[in-house]
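# just to be clear, the model below is a prediction. Sequence and coordinates:
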Amino acid sequence: MVTDAPVPADIAVISDALDRFNIEHTGIADRRPLAVLVRDPETRQVIGGLTGRTSLGLFFLDLFYLPLRLRGSGLGTEILQQAENEAHARGCRTAVLYTITFQAPGFYQKQGWKRLGEVPCDPPGTSRVFMTKELTAPTVQSR
């Protein structure tokens, strides 16, 4: 059955089964979500942040968004460093992500990420940019 609306329980079946398979083959049970959330100071509602996961020595950065009014303030760098530091503390040696050419590859490069490659996507002239970074001891960012 093909669907564009899978329910969370169905996704969990697949995710949990793959996790069990990985544990059986590696003996390592370390998959954990990782998020750095930005909340509106008045409403306390999440308005941006970063989500990902750590597993088998890798930090997968899945989503990263900040409202336009918060960009350029250093907050993005701080959020990314918090996530990288936490991933390193969990034993991750490497991080991976993909972004799109019109999103933030330049931001990630400034933070020490390196391009692995690109895959063309739509609209024409656009690519998904796959990036990686070796994680080192936690760093402290002053703002």
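On my side now, so go ahead. Numbering: from 1, shown residues only.

# next up, phi/psi of the residue nearest the centre of the chain, please.
Nearest residue to the geometric centre of the chain (CA atoms, centre = their mean): residue 61, 1.3 Å. When read as degrees, to the nearest 10, the backbone of residue 61 gives phi -90, psi 110.

# so which bits of the one helix or strand residue 20 maps to are buried?
Using DSSP states H and E, residue 20 maps to helix 8-26. For helix 8-26, a neighbour-count test (16 or more other CB atoms under 10 Å) marks residue 22 as buried. Just so you know, the C-beta spots here come from the backbone N, C-alpha and C atoms, and that holds for glycine as well.

# beyond it, next helix or strand please.
Under the assignment DSSP H and E, the closest C-terminal helix or strand after helix 8-26 is strand 32-39.

# counting contacts, what elements does that next one pack onto?
Contact here means 3 or more CB pairs under 8 Å, 6 or more residues apart in numbering; DSSP states H and E; on that basis strand 32-39 packs against strand 46-55, helix 75-89.

# surely the residue nearest to the centre of the chain meets residue 96?
Yes. Taking contacts as CB atoms under 8 Å, residue 61 lies within contact range of residue 96: 7.2 Å.

# before we move on, the earlier item: dump the residue contacts of the residue nearest to the centre of the chain.
Contact partners of residue 61, counting by CB atoms under 8 Å, 6 or more residues apart in numbering, are 50, 52, 83, 95-97.

# and the gap between it and residue 121?
18 Å (CB to CB, to the nearest Å).

# check contacts around residue 64.
Counted by CB under 8 Å, 6+ apart, residue 64 has contacts 49-51, 76, 79-80, 97, 104.

# mind listing the residues bridging to it?
Counting by DSSP bridges, residue 64 forms beta bridges with residue 50.

# tell me which of the helices and strands packed on strand 32-39 lies nearest to residue 14.
Residue 14 lies closest, by CB to CB, to one member of these: strand 46-55, at 14.5 Å.
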